[in-house]
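Engineer: When you get a sec, could you give me coordinates for this:
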Amino acid sequence: MKKILSNLILLSSICLFLGDHTANAQKAFLEEFNGPDLDPSWLIFDNEGGTHVGFTDEGEYEVVDSQSKSDAGLGLKLSGSGDFTVDATIRLENIFDGRFDFKFRFLAPKFMELVFNQNDFMRVFSGERGSNTVQIPSFGYEEGSSMHIRFAWTESTGTMRIGVAKGEETMQLINTISGLQKFQPTRLDLILFRIGAGEHTPRLFYDRIQIQDKALPIGVSSFVDDFSGPKLDERWVPLGKSENSQVGFSDGIYEIKGQQGSDAGLRHKIEGTGSFTANARIKLKDFSKSASDFKFRFLVGGLIEIVYNSFDDIRVYSGELGENIARFNKIGFKDGDVIDLKLAYDDLAKTVQVGVAQNDGPMILLAQESGLFEFEPENLDLVLFKFGEGNGNEPRLQLDHFDISDGYVPVEVQTIIDDFDGPELISPWIVLGEESEHIGFDDKGRYQFKSALSPNNKAGLGLRLPSPGSTTVDLNLSLSEFVDSNSALIMRFPGSDALEILVGGDKTFEVIFSGDSLLKLDDFNLGDEETLNLRFGWDSTLELFEIGAGINGQGLELMLEEFGEGWKPRMLEILLSSSGEKDPSTAVYLDSFSARSGFSQIPTERLEPFIDEFEDPLLSDTWITIDEDAQLGISNGTYRFKDPSRSSNAAGIKHIFTGQGSFTVDAHVIFEQFNETGSDFKLRFFGGKFIELVYNSFDDIRMHSGEKGGINRIEDIGILEKETVQFRFVWNEPAGQAQYGVFTGDKWTLVGSVSGLTEFTPNSLDMILFKFGDGPEPIVSIDRFEIRSGIDEIPMDPPIQPYRDDFDGPKLAESWILRDESPEAQRGFENGFYELRDPSTSASDVGLRHAIEGKGGSFTSDFGFTFDGFSGSATDFKFRFLGGKFIEFVYNSFDDLRVYSQERGENVSKIQKVGINDGDAVKIRFIWNEISSEVIIGLSIRDEPMKEIAKISGLKEFTPEIVDFIMFKFGEGNGNTPGLLVDYFEIVPGVSPIPEVQPPVEGIVETFDGPELGEDWSVRDDSADAQIGFTEDGRYQVNEPSTSAGGDAGIRRSFTSGGSFTADLNMHFEDFIGSHTDFKFRFFGGKFLELVFNSFDDVRVFSAEKGGNVNRLDDIGVTDGAPLHFRFIWDAETGNATYGVSIDGGAMVEIATAEGLKAFEPNIVDFVMFKFGEGNGNTPKMLIDHFEIRDGVFPLSEGGNESVIEITSIDVTNTAPQTVTITWSSTPGATYNVEWSNDLLEWNNLIDDIPSDGDDTTVKNENIPADDDRRFYRVKQSSD
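Structural biologist: Below you'll find the model as predicted:
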């Protein structure tokens, strides 16, 4: 038998029919409408009645729409796929005399369109999102002027960027839609559509349309820096008078040291104009009380700067306004905290938002200012400025991340919600008082703290409110041993004009504002252990606040309504204080809390409940009918209506309700005739910004918020005609949260949930039908309706709990259930496996079973194992998920595989001769997507790429509760006792798709024979003292002559990487040991990874993603002159990266493996030396002999120093059929195999066992079919 050696590499490739053609790429197109004829590619819409006026003297093409029957304009079929940019320049006239739409749209399975109408309103709609993705109410278009529109599509990320410019103005990015998967455009249209009757005749003038086969930028140039080093990006300019201020890189951060009297930091030039968003992630060390400022500032043209000082105050200053637009004293930052800063600028609205977050907590909106017409920044700085002596510390700024991108991404103001379930306080809370005063969480889901240890002190919690402006705070709590005590509960809003709400143990309720008592009650009877509900609402527009209080859930009473002119609450404290003699036993139990943007009035009038079971002969007068002709009336205890026509009108019933606060709605609906009717059913709530549930006749359901846009969409929800379905809507008013759920069959499904609503003030609802397409008329019946105050949560199954077992022993986890407990079946642990055997042909099976903890949601399960003595043993192996209608993966000892679904009643997949052998590593992935009701199963053998083997869609009765893997021996077979060696089992919530096969990594071979470095290499330190060059014996020599702080010496190159690869570096050192030098073998891209070997003979591997060393080995035995072979292995599927070394021809030894890397995306490699001290005085030298990168994962154990196979030439004949001649460097006495491929993924044998012809060997590939447009070749060495 022949064994393929591991040093195989794709060294050369050939593409027949040479050229740069990319299959199916979008073709370039340009139309400047100079006439006299349209390009024949154009599709003409509505060419009747003079609609297409034609070419004008100004070099435009004119369309006028006076018909109002159909679209009028031009369309163009797109010629391919891939990235593209479409630019259109148009003009519009006669647009304000009546209703019309101009549409620039892309037709696709999920279409997209930009729409502009007579109200100067512009929007972008995405069919995949199911909603508008941006709306601009007042675009500012002047009739007759030019409008420039750009759509730039990046296929690899599914990202569409849309920009618009008016006249000669700079183009502004108005929308970015990312993560699109179903947008596959086939045609673009630019059309007019006149709406309604009248004499208006809108006119569209086409000036220029261009399509390019690349995604062009819009607005400000993007820039990202993770400060991974080792060199500062050239787009930064260091600031500071002292060279010592730029400390440099260390462990994935860049450090700057403050210098008194001058700025120290970095500057970045902002390239381009328009809307942008900038983010910075920093830490400050030795900063507190150092008399220093940190500034994140945007310079030139209406300066804006975010200033945080060492007294813990933060402010935002506008140079245009000449004042602070926000200030926050004692914000609560500490040295070493992670601080995230964000500035978002909307150039259309001339609005700036500034946000800040602490230690990965929610971002709060520090400032928002509009009307900034002078803000046109050219540079941004991240700087320290030390303005005084302070405590003598030298403050340090550590930069971890920075990015700037075009487009306005507003600060997402998050509602702060805490149910105090523990085990730790959520990050927004700041602990106040002594640690001993905070008891912590109890078993009732409450957080407890007690009275301060000394009189006049306060203990409790504080937080920053989510945003300036209107705010609503709700708090539920109880107290113990409070009545008749000297303690007081305080809800406090600190500041120069502090507001305090005090509830005293002496039955008092008092409100103090700016030192003045606004309210004092002496009969507020709050008992011990009773629940206290407090609400504070601030209306920043009216500068008015409301305070409400209630006891034991009896509703809130309006305690005070008062104006607070000029007041701006930003902080909140919840305190327990004592006055006079200490009350050691008084305690507060916090039960729930929410703080959100927006003003919600005190709900003094609770919602009036209403139930209708439609048992009366006539519809209750609490309902208002919509479209009288569509009402079918009450029949058999249901109310029926239809929508008979395809029109803009809806049909249904409406209910107006009164009252405030949280409520729940249940509607029981029967769809009598709905499928394929081209209709929507909607359950909508109105008041402020509306919310709706939409279920269509294609069995898809979605939730939409007028305030937040599209929330969620579920396809094939599984609602059946003529069966009752229950819809539920829940409005949690304190949290600003709305949810829709649907109950079908025997389970609830959450359709969508949205929080932080500030503009939803519900006062009415309706249930309607809307017919948008052809087909029979839809009919629905409402069986029962109820609206009630309070929150009845949508019942959801607990989510799947993650579980993993690596079967390392020594005992089996107690959660496993044994199938056949006999010792002959359950063999136990050995060599990292759990061994199972099936010794009999009895009716029983052998294996392990495990209950799935949790039932709700999607999950992914991976099972790894190996067979032993299985082949030919007359045995079935089954991997099963049981619960409802089960699904099983069945593989038999004849090498056949099938997947069976009990719900389908059949095998959904069958594969014969799978190719699994005893001893092969096998991995099965089982994916359950509950939302789409779909199961996907993947299989990997011998660590080859996983392939999908089965997909089962539309499952309604699969409710997995148990998983098992078993063997069942059904016959004698070859007499073997089949064995199953279990390696691992894992189940995790969520959908982890089968990994896509990545394109192969670019093969690299560099033998450093000279006379020059390849053009892909660049040097680190290009001085003659460092880059010695090529030696006579075929090596490249680099010296490191200095101990400078900023320099290293070596060589670097980029490479194309999409998947797994193995890199080998052969070299040796001279004068290195004892020279106080580091050698680094590094990979950059995402969070970098490096091997560091120092002149003390120690080696370590550092991961920027892990934030430290992965492993370190001391005294590994390297000497000057000893040949070294370093190997780096990157497994893109597992995220594991391994470094190994072979010294002087010895065995390859693993140095370290960094596991589970998510942010490592290697595309640059270098090897450098850095001299950090004088040492023995020697100038260290590295002599590089060989470097290569190969596609795939090659184990350390095969990391020898065998010769490399290099394809030296490929010749192609010009006659058909073609012949290719391949020649490679060979070794006398060796044999080789040659393979070919059309796609670098699937390889085919060309010729096996080719004997060497000496130093060079040649073979031919003849009679290549004429339809082959490319072929790649690789050579492998084989030996006995």
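
Engineer: what residues are up against the closest residue to F373 other than its chain neighbours?
Structural biologist: Leaving out its chain neighbours, the residue that sits closest to F373 by CB to CB, 6 or more residues apart in numbering is K350, at 5.5 Å. From N, CA and C alone the C-beta is placed, and that goes for glycine too. By CB atoms under 8 Å, 6 or more residues apart in numbering, the contact list for K350 reads S370, G371, L372, F373, F375.

Engineer: List the backbone torsions phi and psi for Q739.
Structural biologist: When read as degrees, to the nearest 10, the backbone of Q739 gives phi -140, psi 140.

Engineer: separation between it and R446?
Structural biologist: 24 Å (CB to CB, to the nearest Å).

Engineer: how about the closest residue to D506 other than its chain neighbours, secondary structure?
Structural biologist: Excluding the flanking residues, the one nearest D506 by CB to CB, 6+ apart is D484, at 7.0 Å. Three-state call for D484 (DSSP: H, G, I helix; E, B strand; the rest coil): coil.

Engineer: circling back: sort out for me which of the contacts of K350 are in helices.
Structural biologist: With helices taken from DSSP state H, there is no overlap with the contacts of K350.

Engineer: tell me the contacts of E1070?
Structural biologist: D1120, G1121, P1180, K1181, M1182, L1183.

Engineer: Now render the residues you listed as JSON lines, adding secondary structure and neighbour count.
Structural biologist: Output for those, formatted as JSON lines (DSSP: H, G, I helix; E, B strand; the rest coil; neighbours: other CB atoms under 10 Å):
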{"residue": "D1120", "secondary structure": "coil", "neighbour count": "16"}
{"residue": "G1121", "secondary structure": "coil", "neighbour count": "13"}
{"residue": "P1180", "secondary structure": "coil", "neighbour count": "27"}
{"residue": "K1181", "secondary structure": "strand", "neighbour count": "21"}
{"residue": "M1182", "secondary structure": "strand", "neighbour count": "24"}
{"residue": "L1183", "secondary structure": "strand", "neighbour count": "20"}
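
Engineer: how about CSV for those residues, with distance to I1051 and pLDDT added?
Structural biologist: Listed next are the contacts of E1070 as CSV, based on distance: CB to CB, whole Å; pLDDT from 0 to 100:
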residue, distance to I1051, pLDDT
D1120, 20, 94
G1121, 21, 93
P1180, 15, 94
K1181, 14, 95
M1182, 10, 96
L1183, 12, 96
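
Engineer: which two of those lie the greatest distance from each other?
Structural biologist: Using CB to CB, the contacts of E1070 reach their maximum pairwise distance at G1121 and P1180, which is 12.8 Å.

Engineer: what touches both of the two?
Structural biologist: Listed as contacting both G1121 and P1180 by CB under 8 Å, 6+ apart are F1069, E1070.

Engineer: beta partners of I887?
Structural biologist: Per DSSP bridges, the residues bridged to I887 are F881, S901.

Engineer: Give me the neighbour count for it.
Structural biologist: 26 (other CB atoms under 10 Å).

Engineer: mean confidence score for stretch 163-177?
Structural biologist: Stretch 163-177 carries an average pLDDT of 86.
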